[in-house]
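**Q** missing the sequence, but the structure's below:
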């Protein structure tokens with residue numbers, strides 16, 4: 001399996017050679033900033049299965065979970081591509097909108113629903129968590 005993607009301007013490209021661990025729709029407050037008011041949809045891969053080319057910038061902050069999170073983006077076009085936490089260094093989170101084929105990773109769960117605005121829409125077929133779900137492998 002090979003999954004590819006990149007930023008809006010093409011300066012950053014990546015390749016994942018493993019199946020996704022999980023795909024989540026996230027409504028934490030920080031994702032709402034990145035999503036311009038909506039939540040984000042993120043696919044999680046084993047870190048050692050992802051190869052990245054191109055320059056990235058890093059913004060470190062404390063996530064709603066309390067974990068230190070690094071959000072990485074293209075310095076040319078500003079596209080947010082990746083996130084990683086110190087709590088789970090073996091995983092990398094990729095913004096699904098940066099995949100060359102976003103159809104490959106349908107969300108499995110919706111998380112941080114308690115932080116979502118009242119007008120947010122959730123897929124009733126997906127499990128929902130008001131906050132941080134249990135860790136993935």
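**A** Right, received. Where do you want to start? Predicted, not measured: the structure shown is a model, and the values here were computed from it.
**Q** Does residue 120 touch residue 39 like I think?
**A** Yes: between residue 120 and residue 39 there is a contact at 7.0 Å, judged by C-beta atoms under 8 Å. Quick note: C-beta positions are derived from backbone N, CA and C, even for glycine.
**Q** Looks to me like residue 32 is in a strand.
**A** No: going by DSSP: H, G, I helix; E, B strand; the rest coil, the assignment for residue 32 is helix, not a strand.
**Q** what about the nearest residue to residue 19 once chain neighbours are set aside, distance to residue 84?
**A** Using C-beta to C-beta, 6 or more residues apart in numbering and skipping residues adjacent in sequence, the residue nearest residue 19 is residue 1, 5.7 Å away. Separation of residue 1 from residue 84 (C-beta to C-beta, to the nearest Å) stands at 21 Å.
**Q** same deal with residue 44?
**A** Residue 44 is 10 Å from residue 84, by C-beta to C-beta.
**Q** can you check residue 131 too?
**A** In terms of C-beta to C-beta, residue 131 sits 20 Å off from residue 84.
**Q** re the thing from before, spit out the residues that contact residue 44 and residue 84 alike.
**A** Taking C-beta atoms under 8 Å, 6 or more residues apart in numbering as the criterion, residue 44 and residue 84 both touch 91, 92, 93.
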